[in-house]
Every structure is written in structure tokens, then in C-alpha cells.
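Participant: based on what follows, work out the 3D shape:
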Amino acid sequence: MPLAHPVTELLGWTATAVFVASYFFSRPGLLRGLQMIGAALWIVYGAWIAAAPVVVANALVFSAAAWTLVRNRARSGRSA
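Facilitator: Down below sits the predicted model:
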């Protein structure tokens, strides 16, 4: 198995760290925002290594986090 390019490795580990870090935030907006950043990094990583399942899975994660973030902000705006 060939070794990955160091930049590719760094991108993958950075995406992992950002995504895991998101779970340490209790504010939903921050959690979702970091999930979106992590998913975006994973999308770039998946495209870089030509792994369609990684791209698609993280596009779905990104979309779900964005939808939840927008929905929650709209709900909190109505209750204000």
C-alpha cells in the first residue's frame, strides 16, 4: 500500500480533529458550524483521493448540519 502524500494526510487528520472537536461545544450553533467545516474538509479530502463515498457522505453531513443550523436560527428568531 503506497504512503499518502503528507498534505493529504494532514488534510485528513485536520478534518478528523475539527469534526471531533465539534462535539465538545454545547452551543448548537458552534457544534453545527464546526461540523460543517469538518465535513467541508472531508469533502476536499475525498475529492483529492478520488473517494466518492467520502465526498457524498460528508456532503450529506454538511447539508444536514446547515439545514439544522438554519432551522434552529429561524425558530429562535420567531420566539424572540
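
Participant: what number of residues lie near Ala15?
Facilitator: 22 (other Cβ atoms under 10 Å). C-beta coordinates here come from the backbone N, C-alpha and C atoms, glycine included.

Participant: over to Pro6?
Facilitator: Neighbours of Pro6 using other Cβ under 10 Å come to 8.

Participant: then the one 5 residues further on?
Facilitator: When neighbours are counted by other Cβ under 10 Å, Leu11 registers 18.

Participant: dump the residue contacts of it.
Facilitator: Residues in contact with Leu11 (Cβ atoms under 8 Å, 6 or more residues apart in numbering) are Leu41, Val44, Tyr45, Trp48.

Participant: any idea of the pLDDT on it?
Facilitator: On the pLDDT scale, Leu11 is placed at 95.

Participant: checking it next. Helix, strand or coil?
Facilitator: helix (DSSP: H, G, I helix; E, B strand; the rest coil).

Participant: secondary structure element holding Ala66?
Facilitator: Element membership for Ala66, per DSSP states H and E: helix 52-79.

Participant: C-terminal to the helix or strand encompassing Ala21, what's the next element?
Facilitator: For Ala21, the element it lies in under DSSP H and E is helix 6-22. Downstream of helix 6-22, the first helix or strand assigned by DSSP H and E is helix 28-48.

Participant: now that following helix: buried residues?
Facilitator: For helix 28-48, the neighbour count (16 or more other Cβ atoms under 10 Å) marks 31-46, 48 as buried.

Participant: angle of that helix against helix 6-22?
Facilitator: Calculated by axes from the mean of the first three to the mean of the last three Cα atoms, to 10 degrees, helix 28-48 forms an angle of 160 degrees with helix 6-22.

Participant: brilliant, that's me finished.
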